[in-house]
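S.K.: can you look at this prediction? I've put the sequence above it.
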Amino acid sequence: GAVVSQHPSRVICKSGTSVKIECRSLDFQATTMFWYRQFPKKSLMLMATSNEGSKATYEQGVEKDKFLINHASLTLSTLTVTSAHPEDSSFYICSARDPYRQGIDTEAFFGQGTRLTVV
Amino acid sequence: AQSVTQPDIHITVSEGASLELRCNYSYGATPYLFWYVQSPGQGLQLLLKYFSGDTLVQGIKGFEAEFKRSQSSFNLRKPSVHWSDAAEYFCAVGAGVDSSYKLIFGSGTRLLVRP
């Protein structure tokens, strides 16, 4: 299957700083990327959907000024957690999809996730 | 609104026993349905998917799932569980088209396997 690489796998940062997480599709062009947040022992909560070259669409309740998403190329999307606080500590997972080339029924491929700890 | 319900938070089965994980969905149109597995601290791996056609779909690692429209269900099954199957399992529905498409996940079921 297609490969999605997420980096870093884990990061610790100080409260008030910003952290950038990268999501790359390695062997296909991802016209759409998704960012999820997963709380301990909880499901994946969709934060936003980004289409290459367009502004991201955020789910209700997600602060767009806090979670900045950039999808400037067909292989890279970034999530920047700005002015991070301990409550932002979580597991963040990206996924990528290319329905326009691979068909409407193509699956989404997931990155390995990033464990963010804000101290 | 679209939603996915996995009523079992965790299930424990003995190695070699059969397994069924429940999933119910709510979606107005014909759904795209998925089962993913997540090992601790890892991303998600697709086990199987249903888009159309045969309602019994086969996946990797010996898993299968059956789409039952009348029950709005997509239960995951395996005839004989292995210790390596212990993980978190997520059912998901794909909703929307084109740029509005998104995956909505259930709350997950943690599978524990007794030796």
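M.R.: That came in fine, so what should we check first?

S.K.: neighbours around B:Ser80, how many?
M.R.: Using other CB atoms under 10 Å in any protein chain shown, B:Ser80 is surrounded by 12 other residues. C-beta coordinates here come from the backbone N, C-alpha and C atoms, glycine included.

S.K.: no wait, B:Ser3
M.R.: 13.

S.K.: to what extent is the spatially closest residue to it that is not a sequence neighbour buried, counted in neighbours?
M.R.: Distance criterion CB to CB, 6 or more residues apart in numbering or on different chains; nearest residue to B:Ser3, sequence neighbours excluded, is B:Ser26 at 4.6 Å. For B:Ser26, the neighbour count with other CB under 10 Å is 14.

S.K.: repeat for B:Trp83
M.R.: Counted with other CB under 10 Å, B:Trp83 comes out at 10.

S.K.: could you do B:Lys68 as well?
M.R.: B:Lys68 has 11 nearby residues by other CB under 10 Å.

S.K.: for the closest residue to it other than its chain neighbours, which residues are in contact?
M.R.: Leaving aside its chain neighbours, B:Lys68 sits nearest to B:Thr55 (7.0 Å; criterion: CB to CB, 6+ apart). Residues near B:Thr55 by CB atoms under 8 Å, 6 or more residues apart in numbering or on different chains: B:66-69.

S.K.: top of those residues by neighbour count?
M.R.: Tallying neighbours with other CB under 10 Å puts B:Phe67 at the head of the contacts of B:Thr55, with 22 neighbours.

S.K.: out of the contacts of B:Thr55, name the ones that lie in strands.
M.R.: Secondary structure defined by DSSP state E assigns B:66-68 of the contacts of B:Thr55 to strands.

S.K.: returning to that earlier point: Serialize the contacts of B:Thr55 to CSV and add fields for pLDDT.
M.R.: As requested, the contacts of B:Thr55 are exported to CSV (pLDDT from 0 to 100):
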residue, pLDDT
B:Glu66, 96
B:Phe67, 95
B:Lys68, 94
B:Arg69, 92
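
S.K.: any chance of those in TSV, with distance to A:Phe91 too?
M.R.: Conversion of the contacts of B:Thr55 to TSV gives the following (distance: CB to CB, whole Å):
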residue	distance to A:Phe91
B:Glu66	31
B:Phe67	30
B:Lys68	32
B:Arg69	34
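
S.K.: and which of those is nearest to chain A?
M.R.: Taking CB to the nearest CB as the measure, B:Phe67 is the one of these closest to chain A, at 14.0 Å.

S.K.: angles on the backbone of the closest residue to the closest one other than its chain neighbours, please.
M.R.: Sequence neighbours aside, B:Thr55 is the residue nearest to B:Phe67 in space, at 4.3 Å (criterion: CB to CB, 6+ apart). In this entry, B:Thr55 is assigned phi and psi values of phi -80, psi -10 (degrees, to the nearest 10).

S.K.: show the pLDDT at B:Thr55.
M.R.: For B:Thr55, the pLDDT comes out at 92.

S.K.: and A:Pro99, by the same measure?
M.R.: Predicted confidence (pLDDT) for A:Pro99: 64.

S.K.: show me what the residue nearest the centre of chain A is bridged to.
M.R.: Nearest to the geometric centre of chain A sits A:Trp35, at 3.3 Å (CA atoms, centre = their mean). Judged by DSSP bridges, the bridge partners of A:Trp35 are A:Ala48, A:Cys94.

S.K.: who's in contact with it?
M.R.: A:23, A:46-48, A:50, A:67, A:69, A:77, A:79, A:92-94.
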